[in-house]
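**Q** I would like to see how this sequence folds:
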Amino acid sequence: MQVLHALLLTLGSFLAVNAQSLHMGRCPVPPVQQNFDVAKYMGTWYEVQKLPAFFELGKCNQATYTLQPDGVVKVVNAELLSDGILNAIEGTARVKNASEPAILEVNFFEGTPGAPYWVVSTDYENYSLIYSCTNYLGFLYVDFAWIMSRARTLPEATVTELLGKLTSSGISVKRMTVTDQTGCEDMV
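**A** Numbering: from 1, shown residues only. All right, here's what the predicted structure looks like:
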């Protein structure tokens with residue numbers, strides 16, 4: 001029991017220091033985009049709002065998706081750090097089950113387990129709502145959410161609607177933060 005307690009304290013401390021959300025219980029399961037078309041989703045998306053993510057350190061966050069001939073999606077996430085350096089990471093995403101193409105798994109480090117990437121809602125041309133959640137030890141979970149746009153901003157009414165979709169699925173949006181998309185001219 002002491003080992004479990006130490007593990008939970010360590011995990012909790014790591015997540016708290018890195019502003020990540022640790023919750024009691026199991027991951028919420030929001031409905032995902034019906035008839036999702038991965039090919040229409042390709043291109044660049046800009047982050048408008050997010051739940052805190054310890055791996056995001058800068059501003060001007062964006063993701064570019066490219067469909068490969070084998071059906072795998074190439075993912076390039078990029079941000080501009082405070083010192084002006086462009087920070088980017090490349091990974092892959094795969095549809096987990098052809099009958100639910102809006103449920104993908106993304107991986108940035110070969111040989112490690114992938115992370116959930118659920119497209120909750122998108123119109124392909126303006127907005128996308130993504131949710132990711134992982135259960136730990138059967139009674140804790142860590143989640144991420146992103147509101148993305150084809151432009152660096154979204155109308156407030158759209159953001160409110162997307163936050164409502166998260167809330168109605170039992171996902172707390174209290175910690176959502178607005179992403180700084182100003183001064184992004186140096187982004188490619």
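
**Q** all strands for the protein, in order.
**A** Using DSSP state E, the strands of the chain run over 22-24, 43-50, 59-67, 73-80, 86-95, 103-107, 115-122, 127-136, 140-149, 177-178.

**Q** buried sites along the second one?
**A** What it means is strand 43-50. Neighbour-count burial for strand 43-50, with 16 or more other C-beta atoms under 10 Å as criterion, is recorded at 45-50. Glycine gets a C-beta too; all of them are placed from N, C-alpha and C.

**Q** tell me what angle that strand forms with strand 115-122.
**A** 90 degrees (axes from the mean of the first three to the mean of the last three C-alpha atoms, to 10 degrees).

**Q** what pairs with strand 43-50, and is each one parallel or antiparallel?
**A** Paired neighbours of strand 43-50 in the sheet (DSSP bridges): strand 59-67 (antiparallel), strand 140-149 (antiparallel), strand 177-178 (antiparallel).

**Q** hey, C-alpha coordinates of that strand in PDB?
**A** Once non-C-alpha atoms are left out, strand 43-50 reads as follows in PDB (Å, rounded to 0.1, in the frame of the first residue of the first chain):
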ATOM      1  CA  GLY A  43      -4.100  20.300 -43.400                       C
ATOM      2  CA  THR A  44      -3.200  22.800 -40.700                       C
ATOM      3  CA  TRP A  45      -5.200  23.500 -37.600                       C
ATOM      4  CA  TYR A  46      -4.500  26.300 -35.100                       C
ATOM      5  CA  GLU A  47      -5.100  25.800 -31.300                       C
ATOM      6  CA  VAL A  48      -7.700  28.300 -29.900                       C
ATOM      7  CA  GLN A  49      -8.200  26.800 -26.400                       C
ATOM      8  CA  LYS A  50      -7.000  23.800 -24.500                       C
END
